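Enquirer: Prediction below, plus the sequence it came from.
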Amino acid sequence: MLILITGIWRMMHSVVAPTVPEPADAETGISRVSQPGSVGVKESAEPVDGHSRMVAMLKSVRTRKVYEHLFFGAPSVESEEAVLSTTRPSPQSRFMGLIRVANRRLWLGDTRKALKHLSQALPICEAGGSAVPQQIRSRLYRFLGLSWLRLGENENCVNCNNGESCLAPISDSGIHTNREGSEQAIVFLMKTLSVAPEDLTARWLLNIANMTLGQYPEGVPEQYRIDTKHFDSETEFPRFPNIAGRLGLNTLSCAGGCVVDDFDADGDLDVITSSWGEGDELQYFRNDKGKFIDDSARANFAGIFGGLNLLQADYDNDGDLDVLVLRGAWLGKVGTIPNSLLRNDGTGKFTDVTFDCGLAENSFPTQTAVWLDFDNDGDLDLFVGNEEFPCQLFENINGESFRDVAAQSGVENLRFTKGVTAGDYNDDGYPDIYVSNLQGENRLYKNNKDGSFVDVAPELNITDPIDGFPVWFWDYNQDGVLDIFASGYSLDLDCLGYEYFGVPSPQQFHFLYEGDGHGGFHEVADARHLNSHLPPMGANFGDLDNDGYPDLYLGTGTPQYEALMPNVMYRNQQGQRFFDVTTAGRMGHLQKGHGIAFADFDEDGDQDVFSEMGGAYPGDQAVNCVYENPGFGNHWLTLRLIGKTSNRSAIGAKVSVTVSDGDTVRTVYTWVGSGGSFGANPLRCEIGLGHADQIKQIVIDWPTSGTTQTFRDVSMDQSIEIEEGSEQIRPTKHES
């Protein structure tokens, strides 16, 4: 049994979590190899336009080794199954082979086939008696329990999805009608705990399985039961129903991004989503009087595959929003796939101009980028945060081309980048860059205003967390000074113990750096009760209750199938503390959360929330969600800024809205941008004004011109637009 004991452990950890790839350079830890284009792609002998060239390249990428990566399953599974069925290997070898093909079948979504293999492996394990370590036995039981639970998810939450599906704690119409999967899962999870009662992941899954059958909490043995108080919200909060099905946005996908904005210039918000899977093209959903029509074909998205994250901006200052698609993250050396820059013609039809404008000369694995005008010349530059390879800073040359100036600017980072954001933290008129790294200290690149940057994070004591992911600049306490939210991340499942079983956490997870107004920061996450330990991937912020203070939503999870954990919503209580309102709002979706966007889809003055759902593996797909805001009765203002001297998108502009509420006068601050580093809010400012009586003034600080404009006595509860340098306030156009 030695082979069994030593060789099976990693496979018995169910679906294996990825690890950060080994560095290519022993000194720096980062590869500096220049790799023009994408590895292994043959150039066409015939001259073609840039869009066709990208389509051809992405088609060739689908045939490369990238999709033999563990995330996409292994093509050898059928041949290995054939070997198992036609040969007579030793029991140990057969056991290992069955576990291996079961893992791969689960990755691919062939859950019944995975269960068949596991059912054949079970008697081999049990026949080994005491020679089989208890740890191996418990892992097999848990693998069976997990696979049965996934079958139940597929049959109820994925294929028969409704608005209550997978919302923790599961109740009402979220309870499974096809009960076999969860019933069998409970059997094997109880077996797991009979062997390994300390297995907190099995305890968690046992509670979830009982929820899906309407048996929680009473159906869970007391010694394994999670106290219901762990699901209680910390303050009252209304229910946000999931209306994705009603809107036509309940599409099925793997991990991906989302961007919400007006791409066809008709005044309402459209949606573009991505999914990083092998055959997943971008999807464009055009807003048609409050319903969303899949207009992907007209958008020219045929052949534009993949993409883990999306980001919008008017890079060429022509008056319409273009889209950046980011590719290759988590895939290591095989992730050197070109990103895509999609130029909008103003009607929602896009052309890939990546090759034409010089963005495809070096392609590295990434999922994060930020648009900023680092040299303050009026057009948007692009900072791309890469994994394993140096980051890139693309200087925009008159909206026609880009050149990478990262090395000379001092922003290569040379760490494993997972999130980037830009903001003028020291209020000197130039945007700075904060970089969130995995397995390395974060950086704050201070803009020296001469084209160079210097990392000031160590001296400002803002390098944590060491394992970082989503990040953003915001003004959480509304004092007019930018703060930084830097989230932690972990690929193990110890977080379940910290969150639900009272296990002390060895370290802080989220960091909230409060700006002091003098270029410094102090860390206040614990004081503000931002203390969840569930690891976020996608995340963003917005003002759900229109009180003027930004709230945040975390799309949680890891690649493992066991990582069924609620996404988390925090309500900001006037900048003093954050309340977890996940359960009350019915927003604690258990599937993997990725791109998040806050946006007023129905133009009623309050922000709804879009969440792109789905995991890394083809078998871990989920249905996207839209949580409808029921309204809080507060006032609001939607403001679209149009740059003239500054970039047309007005990214980086500061908006200060001063309101009166009886004898109280206060100012609500916001900066133009798409929000967090994974998921993109609209670039228009959707501003909550609380119980204000009136708007006393609006002050706009433009980034490039350095000018300040002031507008007085503006009506509340309306959508307007203001152009840089113009004294006119125009109502936002909405086409019927």
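Expert: Alright, I've got the coordinates.
Enquirer: So which helix or strand of the protein has the lowest pLDDT on average?
Expert: helix 2-7 (a mean of 34; mean pLDDT, DSSP states H and E).
Enquirer: ok, what's across the strand from Ile729?
Expert: Beta bridges link Ile729 to Ile722 when assigned by DSSP bridges.
Enquirer: circling back to that earlier point, pull out the buried positions in the following helix or strand past the least confident helix or strand of the chain.
Expert: Tracing the chain C-terminally past helix 2-7 and defining elements by DSSP states H and E, one meets helix 50-61 next. Across helix 50-61, burial judged by 16 or more other Cβ atoms under 10 Å covers Gly50, His51, Arg53, Met54, Val55, Ala56, Met57, Leu58, Val61. Every C-beta, even on glycine, is put in place using the N, C-alpha and C of the backbone.
Enquirer: For the helix or strand following helix 50-61, name the packing helices and strands.
Expert: As assigned by DSSP H and E, the chain's next helix or strand after helix 50-61 is helix 77-86. For helix 77-86, the packing partners by 3 or more Cβ pairs under 8 Å, 6 or more residues apart in numbering; DSSP states H and E come out as helix 91-108.
Enquirer: Would you mind checking the average pLDDT for the next helix or strand after the helix it packs on?
Expert: Counting by DSSP H and E, the next helix or strand C-terminal to helix 91-108 is helix 111-127. For helix 111-127, mean pLDDT is 95.
Enquirer: all numbers from here: first residue = 8
Expert: Will do, 8 is the new start, and the previous item becomes helix 118-134.
Enquirer: got the angle for helix 118-134 vs helix 98-115?
Expert: Relative orientation of helix 118-134 and helix 98-115, computed by axes from the mean of the first three to the mean of the last three Cα atoms, to 10 degrees: 150 degrees.
Enquirer: Identify all contacting residues around helix 118-134.
Expert: Residues outside helix 118-134 that contact it (Cβ atoms under 8 Å, 6 or more residues apart in numbering): 98, 101-102, 105-106, 108-110, 112-113, 139, 143-144, 147, 150-151, 154-155, 157-158, 161, 626.
Enquirer: Residue ranges in the stretch 8-157 of the chain under the pLDDT threshold?
Expert: Flagging of the stretch 8-157 of the chain using pLDDT under 70 yields the residue ranges 8-54, 71-77, 79-82.
Enquirer: which residues does the closest residue to His58 other than its chain neighbours bridge with?
Expert: Using Cβ to Cβ, 6 or more residues apart in numbering and skipping residues adjacent in sequence, the residue nearest His58 is Asp359, 4.3 Å away. Legend: beta-bridge partners of Asp359 under DSSP bridges are Leu349.
Enquirer: Now for Asp359, how many residues are close by?
Expert: By other Cβ atoms under 10 Å, 27 other residues sit near Asp359.
Enquirer: burial measure for Thr354, as a count.
Expert: Residues near Thr354, counting by other Cβ under 10 Å: 13.
Enquirer: could you show me where the strands are in the stretch 608-743 of the chain, in order?
Expert: Per DSSP state E, counting those that start in this stretch, the stretch 608-743 of the chain has strands spanning 615-620, 629-630, 632-634, 642-649, 661-668, 671-678, 692-697, 701-708, 715-719, 726-730, 736-738. These are given in chain order.
Enquirer: hang on, the residue nearest to His58 packs against Asn351?
Expert: No: using Cβ atoms under 8 Å, Asp359 is not in contact with Asn351, being 11.5 Å away.
Enquirer: Please indicate which of the contacts of helix 118-134 are buried?
Expert: Buried subset of the contacts of helix 118-134 (neighbour count, 16+ other Cβ under 10 Å): 101-102, 105-106, 108-110, 112-113, 139, 143-144, 147, 150-151, 154-155, 157-158, 161, 626.
Enquirer: which residues touch the closest residue in space to Gly695 that isn't next to it in sequence?
Expert: Closest residue in space to Gly695, ignoring its immediate chain neighbours: Asn553 at 3.1 Å, by Cβ to Cβ, 6+ apart. Residues counted as contacts of Asn553 (Cβ under 8 Å, 6+ apart) are Gly612, Asp613, Gln614, Phe639, Asn641, His642, Trp643, Gly695, Leu696, Gly697.
Enquirer: ok, the third one touching Glu693?
Expert: Looking back up the chat, that one is Gln614. Yes: counting by Cβ under 8 Å, Gln614 touches Glu693, with 5.6 Å between them.
Enquirer: still on that earlier bit, state the distance from the residue nearest to His58 to Asp325.
Expert: Counting by Cβ to Cβ, to the nearest Å, the gap from Asp359 to Asp325 is 16 Å.
Enquirer: Over to Ala376?
Expert: To Asp325, Ala376 is 20 Å away according to Cβ to Cβ.
Enquirer: three-state assignment of Ser154?
Expert: Per DSSP: H, G, I helix; E, B strand; the rest coil, the secondary structure class of Ser154 is helix.
Enquirer: which residues does Asp287 contact?
Expert: Here Asp287 is in contact with Ser260, Cys261, Gly263, Ser281, Phe312, Gly313 (criterion: Cβ under 8 Å, 6+ apart).
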